[in-house]
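Novice: give me coordinates for this.
(one chain, ligands or ions: 3)
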Amino acid sequence: MAHLCSQVLSTSFFTPKPQIPVLLSPGVACVKSFHQYRFLHIKAMQDGKFATPTSCDESKVRVPHVLTVAGSDSGAGAGIQADIKACAARGVYCSTVITAVTAQNTVGVQGVNIVPEDFVAEQLRSVLSDMPPNVVKTGMLPSTGIVKTLCQSLKEFPVQALVVDPVMVSTSGHTLAGPSILDSFREELLPMADIVTPNLKEASALLGGVPLETIADMRSAAKAIHDIGPRNVLVKGGDLPASLDAVDVFYDGNDFYEFRSSRIMTPNTHGTGCTLASSVAAELAKGSQMLSAVKVAKRYVEAVLSYSKNIAIGGGCQGPMDHLLKLKSNVQRRRFDPCDLFLYAVTDSRMNKKWGRSIVDAVKAAIEGGASIIQLREKEVETGDFLEAAKACLKICRVHGVPLLINDRIDVALASDADGVHIGQSDMPAHVARALLGSDKIIGVSCKTPEHAQQAWIDGADYIGSGGVYPTNTKENNKTIGLDGLKTVCVSSKLPVVAIGGIGMSNAQAVMQLGVPNLKGVAVVSALFDRECVMTETRKLLEVLKESTKIAK
Ligand SMILES: Nc1ncnc2c1ncn2[C@@H]1O[C@H](COP(=O)(O)OP(=O)(O)O)[C@@H](O)[C@H]1O
Ligand SMILES: Cc1ncc(COP(=O)(O)O)c(N)n1
Ligand SMILES: [Mg+2]
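Specialist: Numbering: from 1, shown residues only. Ligands and ions are numbered 1, 2, ... in the order given. Prediction:
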């Protein structure tokens, strides 16, 4: 059962409800496609492995692949050039079908030359017939004929997922695709899309010009666009007036999610939309489910904007971003976000042993269930094995944009390049850990008192864990501080707090409703890992936590 649960992590993202567990991870297998409904269906073999096409050479490594169908931007901030860079940065191969060539720079768009429809068709045929991509992502589609040609090609050569960025107007205000394409978008392309990612102006245009000025408007728009036929809608709020945060609204036909990041003050925002859509496509191509693909993509855009905020390219006021930050230095590690503490999963070697699952399986399942940060707390594992497990878990965590911390073992955190450590009062002092780990890594400290919390802040920690809130048997001789003790620590702490100790489905709500703003989430061990299906338990707890934050509001 544990085995099955962990496999569901990679369940096909393009079916509304997970049915057959399949692994879409790059480099391990070939998949065979069938054209049922609109898109590819993957046939998993009875044992959960893959169907292997006879033409597939076992010795070859399969690379996740996105085809972008978009316009060229000579300034290379947006369009095809942004798509290639974003895919490269996300570790995905990117092929290109060019629909238009634009003369464009940081000042604006000086000219547009549309590629003839039959030559767009020829490019599509060349790529789709020989090197089928996992995902097709569309950007500038400047004529109805090109939209129709694309839809026809996709029917002939189905792909796993279609990401539609309905590009209409450049940030500088130049029309890239006029209102004449709207009908073909609504009637043909959007109903085929797995996700459509309009900005505010595009969402408004798709809905006949309704004004969109608030997050509530964005929600209504997402719902109305969903009615046109795409499976998921992301209305981007980069241009939302008077919003301190950059908020995007996601709607999957059932639930709304708000993806929020702080607004980065920079003129270098040219190409954010193309980059976001390409990154969603890249994550889908790697096998992520839609929601995690969007989450990771949004974080990537935020990291790139932050890294590029002061770069100076061109004399205009629409500067490009620098997508390949990973190649430049170690700044790729995104800043610690206190919201990551929301559902904090702490592994336990005894429980893994009891349920016969590996550390990696436990971590996969917790992430699939919605854990927002993972801590490996492996007291009974040999150092070598711990290091290997940490490296394997880190790969999974990176794909999903979930930070991975190591309990106590600063050496293992350094050797595995994990995102940070969590240390207790009797471990190495936090300021020494900070000196060893450098400024980029996350450090959390267990604190029972306001004095501990004050010291953690002085020592340069990023967050504190406070508890045991309730009695627990995962830690011997651990004093219980109760909800009152937790509240006292939270009120005095200058750092964000995650509550820990005996927390589970039955009492998580009581903890979250303490009503102290810097209490950001709960850390859980037994309630997730001392259970048969870690993924299901994590999902259930996530729902409880979401519910309690709604009530608290
Ligand atoms: N200044 C900013 N700081 C942080 N995120 C931003 C900023 N501007 C845009 N974004 C994000 O970039 C993505 C693209 O959004 P948007 O600019 O609205 O689309 P488009 O580029 O298609 O006009 C969204 O995820 C949005 O939230
Ligand atoms: C070829 C091309 N495609 C898309 C955009 C939109 O990008 P942005 O909204 O950031 O200007 C663009 N300016 N040029
Ligand atoms: Mg933009």
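Novice: check Arg398 and give its pLDDT.
Specialist: The per-residue pLDDT reported for Arg398 equals 88.
Novice: please apply the same query to the one 4 residues further on.
Specialist: Looking at Val402, its pLDDT reads 94.
Novice: doesn't Gly369 make contact with it?
Specialist: No. Under the criterion of CB atoms under 8 Å, Val402 makes no contact with Gly369, lying 11.3 Å away. For every residue, glycine as well, the C-beta is placed using N, CA and C.
Novice: the residue in the stretch 401-550 of the chain that ligand 1 sits nearest to and Leu436: what is the separation?
Specialist: Ligand 1 sits closest to Gly401 of the stretch 401-550 of the chain, with a gap of 13.6 Å, by CB to the nearest ligand atom. Noted for Gly401: a distance of 25 Å to Leu436, by CB to CB, to the nearest Å.
Novice: looking at those two, which one has more neighbours?
Specialist: Gly401 (21 against 14; other CB atoms under 10 Å).
Novice: grab the nearest non-local neighbour of that one.
Specialist: Val296 (3.9 Å; CB to CB, 6 or more residues apart in numbering).
Novice: helix, strand, or coil at Lys520?
Specialist: strand (DSSP: H, G, I helix; E, B strand; the rest coil).
Novice: contacting residues around it?
Specialist: For Lys520, the contacting residues are Pro338, Cys339, Leu341, Phe342, Tyr463, Pro496, Val497, Val498, by CB atoms under 8 Å, 6 or more residues apart in numbering.
Novice: and those, which of them are buried?
Specialist: Buried by 16 or more other CB atoms under 10 Å: Leu341, Phe342, Tyr463, Pro496, Val497, Val498, out of the contacts of Lys520.
Novice: OK, contacts around the last one?
Specialist: Val498 makes contact with Leu341, Tyr344, Gly444, Tyr463, Ile464, Gly465, Ser466, Leu519, Lys520, Gly521, Val522, Ala523, according to CB under 8 Å, 6+ apart.
Novice: doesn't it lie inside a helix?
Specialist: No. Per three-state DSSP, Val498 lies outside any helix segment and is strand.
Novice: skipping its backbone neighbours, what lies nearest it in space?
Specialist: Counting by CB to CB, 6+ apart, the residue nearest Val498 is Leu341, at 4.2 Å.
Novice: now swap in the second one and tell me
Specialist: The shortest distance from Phe342 to any residue that is not its chain neighbour, by CB to CB, 6+ apart, is 3.9 Å, and that residue is Gly521.
Novice: can you get me a residue count around that neighbour?
Specialist: Residues near Gly521, counting by other CB under 10 Å: 26.
Novice: now do it, the pLDDT please.
Specialist: For Gly521, pLDDT reads 97.
Novice: so it touches Cys490, yeah?
Specialist: No. Here Gly521 does not reach Cys490: they are 11.9 Å apart, not a contact under CB under 8 Å.
Novice: list the contacts for Met265?
Specialist: Contacts of Met265 (CB under 8 Å, 6+ apart): Lys309.
Novice: helix, strand or coil for it?
Specialist: Going by three-state DSSP: Met265 is coil.
Novice: try Phe259
Specialist: Applying three-state DSSP: Phe259 is strand.
Novice: what is it paired to in the beta sheet?
Specialist: Bridge pairing for Phe259 (DSSP bridges) gives the partners Asp248.
Novice: one step back: contacting residues around the residue nearest to Gly401?
Specialist: Neighbours of Val296 in contact, by CB under 8 Å, 6+ apart: Ser279, Glu283, Ser288, Val399, His400, Gly401.
Novice: do the same with Tyr93
Specialist: For Tyr93, the contacting residues are Val63, Pro64, His65, Val66, Cys87, by CB under 8 Å, 6+ apart.
Novice: for it, what are phi and psi?
Specialist: phi -70, psi 140 (degrees, to the nearest 10).
Novice: any idea what it is bridged to?
Specialist: Where Tyr93 sits in a bridge, its partners, by DSSP bridges, are His65.
Novice: distance check, it against His65.
Specialist: Look at Tyr93 and His65: by CB to CB, they are 4 Å apart.
Novice: closest one to Tyr257 out of the contacts of Val498, please.
Specialist: Nearest to Tyr257 out of the contacts of Val498 is Gly521 (CB to CB; 16.7 Å).
Novice: for the protein, which residue gets nearest to ligand 3?
Specialist: Residue nearest to ligand 3 within the chain (CB to the ion): Thr272, separated by 4.0 Å.
Novice: how much space separates that residue from ligand 1?
Specialist: 4 Å (CB to the nearest ligand atom, to the nearest Å).
Novice: that residue contacts Pro320, doesn't it?
Specialist: No. Counting by CB under 8 Å, Thr272 does not reach Pro320; the two are 10.1 Å apart.
Novice: now the closest residue to ligand 1 within the stretch 101-250 of the chain, what's its secondary structure?
Specialist: Here the residue of the stretch 101-250 of the chain nearest ligand 1 is Gly238; by CB to the nearest ligand atom that distance is 2.4 Å. State at Gly238, reduced to three classes by three-state DSSP: coil.
Novice: that one: neighbour count?
Specialist: Residues near Gly238, counting by other CB under 10 Å: 18.
Novice: which bits of this protein sit near ligand 1?
Specialist: Contact residues (CB under 6 Å from any ligand atom) of the chain with ligand 1: 171, 199, 236-239, 246, 248, 261, 263-264, 269, 272-273, 276, 298, 301-302, 305.
Novice: just checking: which of those also lie near ligand 2?
Specialist: Thr171, Thr272, Gly273.
Novice: quick one, phi psi at Glu534?
Specialist: No Glu there; residue 534 is Val. Backbone torsions for Val534, taken as degrees, to the nearest 10, come to phi -60, psi -40.
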